[in-house]
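Engineer: This is a predicted model, with the sequence first.
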Amino acid sequence: MSNTPPQPLGERTFLFACDIVRFCRRLSAEPGVVRQIAWQLADAGTSVAANYEEAKGSYSRREFAAKNAIVLKEARESRLWLHIILACKLASESETRPLYEEANQLVGIFTAGVRTLRGPQTCTKAVVFVAAWLFSSLY
């Protein structure tokens with residue numbers, strides 16, 4: 001188990017977006033389908049951070065849940081493009097694998113959060129508490 005404290009989720013999504021931008025700049029140097037995949041990945045990967053920032057500014061629980069569902073979709077799309085890059089060997093595995101693993105972890109985090117937020121409305125205080133905990137600086 002790592003002794004490093006967990007990063008706040010906002011910082012983690014921001015760093016993921018920055019890593020994706022740097023990776024896609026190198027990947028897009030190759031023309032054709034590889035460049036198109038790089039652009040798709042850049043769109044999805046940076047949207048994870050952008051939509052998470054939007055979610056933090058939500059005015060209601062419902063809006064917060066909707067924005068986080070978008071974050072989850074973008075994280076899944078990022079993971080898909082990275083999986084294609086790995087499978088087709090479009091970039092080195094040593095460069096791509098850490099991005100894929102981070103995308104996979106973000107999918108897990110946001111899946112748990114969205115499931116909690118979409119849970120039954122009967123226990124609102126408990127749901128809000130768990131959602132706040134999931135999206136707090138613990139990640």
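Structural biologist: Arrived safely.
Engineer: which residues in this protein form helices?
Structural biologist: If DSSP state H is used as the criterion, the helices of the chain fall at 9-27, 33-56, 61-87, 93-117, 124-134.
Engineer: what packs against the longest one?
Structural biologist: Helices and strands touching helix 61-87, by 3 or more Cβ pairs under 8 Å, 6 or more residues apart in numbering; DSSP states H and E, are helix 9-27, helix 33-56, helix 93-117, helix 124-134. Any C-beta I mention is one placed from the backbone N, CA and C, and that applies to glycine too.
Engineer: ok, back up a step: will you turn the helices of the chain into JSON lines that also has mean pLDDT?
Structural biologist: Shown next, in JSON lines, are the helices of the chain (pLDDT from 0 to 100):
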{"stretch": "helix 9-27", "mean pLDDT": "97"}
{"stretch": "helix 33-56", "mean pLDDT": "96"}
{"stretch": "helix 61-87", "mean pLDDT": "95"}
{"stretch": "helix 93-117", "mean pLDDT": "94"}
{"stretch": "helix 124-134", "mean pLDDT": "56"}
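Engineer: want to try JSON lines for the ones you listed, with mean neighbour count as columns?
Structural biologist: Formatted as JSON lines, the helices of the chain follow (neighbours: other Cβ atoms under 10 Å):
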{"stretch": "helix 9-27", "mean neighbour count": "18"}
{"stretch": "helix 33-56", "mean neighbour count": "19"}
{"stretch": "helix 61-87", "mean neighbour count": "19"}
{"stretch": "helix 93-117", "mean neighbour count": "18"}
{"stretch": "helix 124-134", "mean neighbour count": "14"}
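Engineer: ok, the most centrally placed residue in the chain - contacts?
Structural biologist: Nearest to the mean C-alpha position of the chain, by Cα atoms, centre = their mean, lies A75 at 3.8 Å. A75 sits next to A44, V48, A103, L106, V107, F110 when contact means Cβ atoms under 8 Å, 6 or more residues apart in numbering.
Engineer: Now the two most distant members of those residues.
Structural biologist: Pairwise distances among those were taken by Cβ to Cβ; the largest, 13.2 Å, belongs to A44 and F110.
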